[in-house]
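Trainee: A predicted structure for the sequence below; I have some questions about it.
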Amino acid sequence: MSCLFTFKVFAQDKYYWQQEANYSMQIDFDVSKHQFSGTQEIEYFNNSPDTLKKVFYHLYYNAFQPGSMMSAKRQQTAYADSRFPLMDKIDELKDNEIGFHKISSLKQDGRPLTFEIENTIMEVRLATPILPGTKTSFSMEFDSQVPLQIRRTGRDSFDGVDYSMTQWYPKLAEYDKTGWHAHPYIAREFYSPWGNYEVDITISKKYLIAGTGIVENANEVGYGYEDEGIDVKRKGKTLTWKFRAKNIHDFAWAADKEYKQVVRKLTDGPTLRFFFIPGEETKLWEKELPDYTEKAFSYLQENVGKYLWPQFSVIQGGDGGMEYNMATLIINKKRKSGVRSLNSLVGTTVHEALHNWYQGMIATNESYNAWMDEGFVSYVEDYCLDYIYEKNEKLPAAGLVNTYVKWAISGNEEPSSVHADYFMSDRAYGRASYTKGAVALLQLNYIMGEEKLMSGLRQYHKNWSLKHPGKEDFIHLMELHSGLDLNWFFDRWIYTTYTIDYAIGKVSEQKNGSNIEIIREGLIPMPLDITVTLKDGQKIMYYIPLSVMRGIKENDVDYKRIQLPDWWWIKTSYDFDIDLTIADIQSIEIDESGRMADVNRENNLYNSEK
């Protein structure tokens, strides 16, 4: 196998290391049986300080069988998500409808290996331990069957796409500083080693394939690429598509006999490709979706970081929307509401495209830190949509606070630190990862200031692209960037279900002014921006830092700000004097900006006229 690229960051380092797995796969696809045979070679570099005596593979297709763990999880009432009704049908799948991976041969450097398979995980005992700083090769022969499209992957989707090929190949599990991550698949998150991929797919010439990577032999497989001036030469009954991709941790593809392609080449960015089944239901894919996606990439490259690959494909297929390196699969027609509206289609595309920054280029362990992936995407998505729709909202992410607060006071919240597979319900997982993860950034917006947060996110992309950062890495970077200690916030926000709740207490007349009392009723302390509005319309900000911040936020308002002494988090009340009489004051408000996730904003406002 040829190695396309060597990762400098993969070399052993005192402070950081990551594994490397380079794939070469040859797939022979039989569309009459919905099956394929494959050979796979993985060149695996052990950049860890540990000697590895075994490895693990994910066999995702085995989840689509009666009696699987994914089916058993679905039977629990709390997981009965109405968006994916076919999940209830796994136990009804027939032999020719299930998914499977059958491993006929597995060798390490030419020596046969023994292995055990339990549902979606294969445990392999090595013939030779892999020493630190060395590499080995695994060669495999396998046969697989594509399941009926139930969740993300499979054939004959609800949208009418023939093949949505995601989580489709035997995949080496990740090993990092906390050990192996060989979690059984129940339709949640993914975590994989970085590497380069060479994937050759032989399939009936009637099909167009879209997916991760660049097609190396476009002139041979042709159609769908005619708009690039390629002379199409298609011979025989089958074609072999040669995909190549560098610096990725997953490979996905889709195939259909009717796919059409629309191409947009960005001046300073990737080539955007849109694959869909043409017709009245997909007319938005012709121009409107490409127009908005082009604007989105322009915004994201400027405000988050440069897109590091040469191509991104938006592909009709799968269910809902799901991200993969250099591509996303999106269903065009929802089961309940029918064909997606323009807002729904664009919103989903922006969300999934953003995953190519968070989780694509910055690959956190989604199982343990889903809030860093889904949450960061959800936050930046609101700003991106505000830009492309030209709404010019003052705080695009404001609606996230209301969603979070409703869940936080429901009594059903679980900490964001819970492993993605272990949440008691799909709703709890979604709120902890998508909503609370996004609101975490909104709180940093409040604590640090918006400019510091956005420049910090750009630095995060620069420092951690093509790596596996953890929450400690993100927090440390934001601390260095802001000059503030932030652990006091994340310790409570991620590991607990504590809430923020501040109230204005007594406002009393003093000899030469007034005294204002602030009460902390929630368990999460925060620095406070308190705006006093005078009856003549003038505003003054009284800023109360927390002592544990070990610093202050730069002034981010365009009116006078007065800094007050630090508040000790242990204390539940704080009062301060101002040289204004009650007669001068129109109102006093805690966090006029609406950024702080206070669960009861009714007690945040004092109005002198009431």
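Mentor: That came through fine.
Trainee: tell me the domain ranges of this structure?
Mentor: As given by automatic domain parsing, the domain ranges for the chain are 8-260, 370-493, 502-607.
Trainee: Format these as JSON lines; extra columns: mean pLDDT, distance to A363 and mean neighbour count.
Mentor: For every residue, glycine as well, the C-beta is placed using N, CA and C. JSON lines is the format used below for those (pLDDT from 0 to 100; distance: least, CB to CB, whole Å; neighbours: other CB atoms under 10 Å):
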{"stretch": "domain 8-260", "mean pLDDT": "90", "distance to A363": "6", "mean neighbour count": "18"}
{"stretch": "domain 370-493", "mean pLDDT": "97", "distance to A363": "5", "mean neighbour count": "19"}
{"stretch": "domain 502-607", "mean pLDDT": "97", "distance to A363": "28", "mean neighbour count": "16"}
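Trainee: now the ones you listed in CSV, with distance to T282?
Mentor: Formatted as CSV, the domains of the chain follow (distance: least, CB to CB, whole Å):
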stretch, distance to T282
domain 8-260, 8
domain 370-493, 20
domain 502-607, 38
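Trainee: Compare those and report which one is nearest to E280.
Mentor: Checking the domains of the chain against E280 by CB to CB gives domain 8-260 as the closest, at 13.0 Å.
Trainee: so how far is the closest one off the chain centroid?
Mentor: Put simply, domain 8-260 sits 19 Å off its chain's centre (CA atoms, centre = their mean, to the nearest Å).
Trainee: From V262, how far out is the residue of the chain positioned farthest from its centre?
Mentor: In the chain, K511 marks the outermost C-alpha relative to the chain mean, sitting 55.8 Å out by CA atoms, centre = their mean. Here the criterion is CB to CB, to the nearest Å. By it, K511 lies 73 Å from V262.
Trainee: List the contacts of the helix or strand I530 falls within.
Mentor: Using DSSP states H and E, I530 maps to strand 528-534. Under the contact criterion CB atoms under 8 Å, 6 or more residues apart in numbering, strand 528-534 has outside partners 446, 502, 516, 518, 539-544, 557, 567, 578, 580, 584-593, 596.
Trainee: Given it, what are its sheet partners and their directions?
Mentor: Partners of strand 528-534 in the sheet, by DSSP bridges, are strand 539-544 (antiparallel), strand 585-590 (antiparallel).
Trainee: and G317, which of the ones you listed is closest to it?
Mentor: strand 585-590 (47.7 Å).
Trainee: so after the closest one, what's the next helix or strand?
Mentor: strand 605-607.
Trainee: Can you list the strands that that next one pairs with?
Mentor: Assessed with DSSP bridges, strand 605-607 is paired to strand 585-590 (antiparallel).
Trainee: in the stretch 101-250 of the chain, which spans are helices?
Mentor: For the stretch 101-250 of the chain, the helices defined by DSSP state H, counting those that start in this stretch cover 218-221.
Trainee: Tell me who's in contact with I570.
Mentor: Contacts for I570 were tallied using CB under 8 Å, 6+ apart; there are none.
Trainee: and it, which of the three is it?
Mentor: Following DSSP: H, G, I helix; E, B strand; the rest coil, I570 is assigned to coil.
Trainee: and it, how far is that from L523?
Mentor: From I570 across to L523, the span is 12 Å (CB to CB).
Trainee: just Y498 next, same as before
Mentor: From Y498 to L523 the distance is 4 Å (CB to CB).
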